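Undergrad: next come a sequence and a model predicted from it.
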Amino acid sequence: MLEFSSEVQVILVLGLCIILSFFANIITRKLKLPSIIAPLLIGLILNFWLLEYLPFLTEFKQILAIFANFGLIVILFFIGLKVDFRFFKGLSGNSSIMALNAGIIPLILGFYTGYFFTHDIIKSLFIGIALAITAEEVSITILDELNLLKKRIGQLIIEAGIIGDIFEISAIVLLGVLIKAKSFNESFGIFNVIGELALFISLVVVMRYFIIEFLLKIPGKDGKKYEYFAVAFVILLIMTIASELLNFSYIIGALVAGLLLKDRLIDKKMYYEEHHIVEAIEVFNFGVFESLVFIWIGLSINETILFSNIGLGIALTIIALAGKLIGSVIGNYFCNEPLSEGILIGWGLNARGATELFTVLIAKNQGIISQDIFSAVVFMALVTTIISPIVFNYLVLKGYGVVKHKVKK
């Protein structure tokens, strides 16, 4: 049997994952399915069948776990970077009402469904949030392919996705708080927690008004892309390491780093620098790390537990699909808009498979949720992300609920 050193195995593992994702993405694109489906299915295939035929890669899971966890930091940083509070001021009343209904209703339904199965408030809350989140990048891709970005229906879905950022941030912050609570040691007392919180707040203030300011001056106004990328990465690593040392978890540090950097760039109107930083991180994220994270999510599913508790996965899938549809229809009803448009928007918002999968993966690794809940949420995300674009595309082609005129500027 072939045996390779650890160094060679690292190259083989990363190479295999990236190559498989690349070609699988080509297939999913041909089938007009969201790109996140490809690496997730690769992870499931490797998990259930393929790894037993690769005995020479003895450290496959350990190597991928290291890079996937680093990838989570990059992804959370990018989530913070893409949150732009400028857009909240310009949102229409219709989109706000519709988006809040499309988020709150599946949140409530998911919570009560989760509580019925688990009888645990924290686990149920995570389930509810997972059902409330929309994979905005999936929706935008579908809208772009159907030439609906400039139409009313497209604008409503995009604006709903912007409001959905609130649910994403809430999920990550909740996770960070729970991780912090787990690290609480009664022997140190409440004063230790207050001290760590004060240090973290001080770090945020110093980072926002001094460190980021200093680091952004290094490349200058005519800096190269890789220099801006390096600055952004230094900011990410400082916040992540400091947050972890203060027991606030790297996920809070990574998210806050993105939010602080974005806020600084907007406040000083550094649009040139903002463009290059976001573009560089986006390429780094989607080109390498997101596929590794999704493959790792597929590998983390326990096949036995998934199929022994398939009822929870099916229940969450039904509630997820119904929740978005009901929320969108009710939101449109309050805005005196047609039922057909509400149904179409509901299907446009039903794709998942993004932030909720990252949060439940971290929550599982931290022991906050169980393996069966993790597997059920992944099952729900996979099914809704496959079904929603197909149904949405079919309804659009049939002209169902599409308002023909463009959005007024």
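TA: Good, I have the coordinates.
Undergrad: do you know how far I63 is from L174?
TA: Per C-beta to C-beta, to the nearest Å, I63 is found 30 Å from L174. C-beta here means a position set from N, CA and C on the backbone, and glycine is covered the same way.
Undergrad: looking at this protein, which helix or strand is least sure?
TA: Ranking every helix and strand in the chain by mean pLDDT, DSSP states H and E puts helix 86-89 at the bottom, with a mean of 62.
Undergrad: now Y272: which helix or strand?
TA: helix 271-284 (DSSP states H and E).
Undergrad: how about that helix, which residues are buried there?
TA: For helix 271-284, the neighbour count (16 or more other C-beta atoms under 10 Å) marks E273, E274, H276, I277, V278, A280, I281, F284 as buried.
Undergrad: quick one: mean pLDDT for it?
TA: In this model, helix 271-284 has a mean pLDDT of 87.
Undergrad: for stretch 252-270, give me every contacting residue.
TA: Stretch 252-270 is contacted by residues 72-74, 76-86, 169, 172-173, 176, 204, 207-208, 212-213, 216, 232, 235-236, 238-244, 271, 273-274, 277 when judged by C-beta atoms under 8 Å, 6 or more residues apart in numbering.
Undergrad: for the residue minimising distance to the centre of the chain, which non-adjacent residue is closest in space?
TA: Centroid check for the chain by C-alpha atoms, centre = their mean gives T355 as the closest residue, at 1.9 Å. Of all residues not flanking T355 in the chain, E168 sits nearest, at 4.4 Å (C-beta to C-beta, 6 or more residues apart in numbering).
Undergrad: list the buried residues in the host helix or strand of that neighbour.
TA: In this assignment (DSSP H and E), E168 forms part of helix 152-182. Within helix 152-182, the residues scored as buried using 16+ other C-beta under 10 Å are 152-172, 174-176, 178-180.
Undergrad: how close does G331 sit to G110?
TA: G331 is 17 Å from G110, by C-beta to C-beta.
Undergrad: sorry, that was for E213
TA: Distance from E213 to G110, by C-beta to C-beta: 41 Å.
Undergrad: more crowded one of the two?
TA: G110 (26 against 12; other C-beta atoms under 10 Å).
Undergrad: who's in contact with that one?
TA: With C-beta under 8 Å, 6+ apart, G110 has these contacts: S124, I127, G128, I129, A130, L131, A132, L316, I319, A320, G323.
Undergrad: for the record, mean pLDDT for the helix or strand encompassing it?
TA: Using DSSP H and E, G110 sits in helix 93-118. For helix 93-118, mean pLDDT is 83.
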